[in-house]
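A.B. asks: Structure here, sequence nowhere to be found:
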């Protein structure tokens, strides 16, 4: 059997480390509650809580099913999946840690390099929806197949569209709160419709209903050529 916190005298060890360096940050891998909680190889369904209180957390994942280099490993995650995992983590107030196992020559496996380049290509255009961001303010509801992140310093909300819908995305409760919207990949404007609009059928044409609190984003029919498109929403000041 493996050794646990009793064999390692974890409480005593943590006390010694914090005595030597009071400002140190420690995770929970010693089986003692630390400054950072680290769920491994799964994605939490919400902001991680300990004793009912939200904590600083970081999800630990591998590119494949192995922590070290494994020549015959075939369950490698795709670039799209990894980007979505990153978005999912940040949308729930967390961080994503990805492990790489070098080959016997001390080199990074080509499969890992392919994923890293893919994540980098997406981040080149979309990094500001990740860096400095966290979960959306309480009460903001993301549409189906979408995830919100929020930058409290710039007061911008980022809508990550995991599955591209046809022509329109509806944002509940945000009418009158958005100054401007744009796609991050090319900085092109996304036009908005807001305010109450009844459902009607006139001369064969259907006018979509919309309540007073909903904003409807008019998006291109064709999905942008990126792993996950992101719409940047410039919020009006003083809302949150």
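C.D. replies: Yes, it's here. These numbers were taken from a predicted model, which means no experiment stands behind them. Residues are numbered from 1 along each chain as shown.

A.B. asks: now the helices for this protein?
C.D. replies: Remark: helices assigned in the chain by DSSP state H are 5-8, 10-20, 79-91, 110-126.

A.B. asks: Need the contact partners of the shortest one.
C.D. replies: Contacts to helix 5-8, defined as Cβ atoms under 8 Å, 6 or more residues apart in numbering, come from residues 11, 30-32. C-betas here are computed from N, CA, C, even on glycine.

A.B. asks: and if you look at the last one?
C.D. replies: Helix 110-126 is touched from outside by 63-64, 76-79, 82-83, 86, 100, 108, 130, 184-186, 226-228, 230, with contacts defined as Cβ under 8 Å, 6+ apart.

A.B. asks: and those, which are buried?
C.D. replies: Buried subset of these (neighbour count, 16 or more other Cβ atoms under 10 Å): 63-64, 76-77, 79, 82-83, 86, 130, 184-185, 226-228, 230.

A.B. asks: Excluding sequence neighbours, find me the nearest residue to residue 166.
C.D. replies: Closest residue in space to residue 166, ignoring its immediate chain neighbours: residue 221 at 6.9 Å, by Cβ to Cβ, 6 or more residues apart in numbering.

A.B. asks: So for the chain, the centremost residue is which one?
C.D. replies: For the chain, residue 87 is the residue whose C-alpha lies nearest the centre (Cα atoms, centre = their mean; 2.0 Å).

A.B. asks: who's in contact with that residue?
C.D. replies: So residue 87 contacts 129-130, 147, 149, 160, 162, 228 (Cβ under 8 Å, 6+ apart).

A.B. asks: And for residue 136?
C.D. replies: 91, 142, 148-150, 157.

A.B. asks: And for residue 140?
C.D. replies: Contacts of residue 140 (Cβ under 8 Å, 6+ apart): 148, 150, 157, 173-174.

A.B. asks: repeat that with 10 Å
C.D. replies: Applying Cβ atoms under 10 Å, 6 or more residues apart in numbering to residue 140 gives the contacts 148, 150, 157, 171-174, 177, 239-240.
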